[in-house]
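**Q** below is the structure, and that's it, no one-letter string:
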């Protein structure tokens with residue numbers, strides 16, 4: 001019988017993992033929140049701009065929820081080694097130079113990276129929600145579910161935008 005399960009870990013170990021992942025998501029979200037307006041300026045497709053603006057609004061809400069979780073648990077955000085996550089974000093915000101005639105490729109890159117970021121968000125929120133449930137952090141679990149749902153909606157939105165963009 002396998003004894004290395006989530007339920008066999010001590011609550012303190014689970015809490016450390018929860019805080020570690022919370023910090024990574026929080027600082028990643030803050031980075032995106034700060035830099036998303038620059039991405040809006042780079043897009044040429046109106047619906048893509050609108051989708052990014054809607055996502056930016058959701059990210060602001062998600063950052064507020066994460067800050068509420070810190071307050072709820074009497075924690076302070078601690079910048080950890082978020083280099084891998086930030087590296088993906090930075091790459092998303094530095095479009096390739098395809099030349100002025102290929103602005104469409106920049107839009108496609110932006111759509112691709114936004115979907116990649118949403119998939120990372122979905123995975124992160126899912127894991128945080130699992131840890132919150134194991135730690136009996138009911139309010140945090142609910143806030144993480146709300147953020148997960150927003151990320152899921154944004155992922156679907158960018159899929160629809162990509163579909164329309166390619167077919168137009």
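**A** Cool, the structure landed. Every value quoted in this text rests on a predicted model; they were computed, and no experiment measured them.
**Q** is it true that residue 157 touches residue 50?
**A** No. Judged on C-beta atoms under 8 Å, residue 157 makes no contact with residue 50 at a distance of 9.3 Å. The way it works is simple: take the backbone N, C-alpha and C, and place the C-beta from them, glycine included.
**Q** give me the more crowded residue out of those two.
**A** residue 157 (21 against 14; other C-beta atoms under 10 Å).
**Q** how close does the more buried one sit to residue 118?
**A** 9 Å (C-beta to C-beta, to the nearest Å).
**Q** for residue 10, same thing?
**A** For residue 10, the distance to residue 118 - C-beta to C-beta - is 33 Å.
**Q** these two: which is more packed in?
**A** The neighbour comparison of residue 10 against residue 118 (other C-beta under 10 Å) goes to residue 118, with 21 against 8.
**Q** which one is that one nearest to, not counting chain neighbours?
**A** residue 155 (4.0 Å; C-beta to C-beta, 6 or more residues apart in numbering).
**Q** helices and strands of this structure: which one bottoms out on pLDDT?
**A** For the chain, using mean pLDDT, DSSP states H and E, the weakest element among its helices and strands is helix 83-92, scoring a mean of 68.
**Q** helix or strand right after that helix?
**A** Moving toward the C-terminus from helix 83-92, the next helix or strand (DSSP states H and E) is helix 103-134.
**Q** cool, thanks, talk later.
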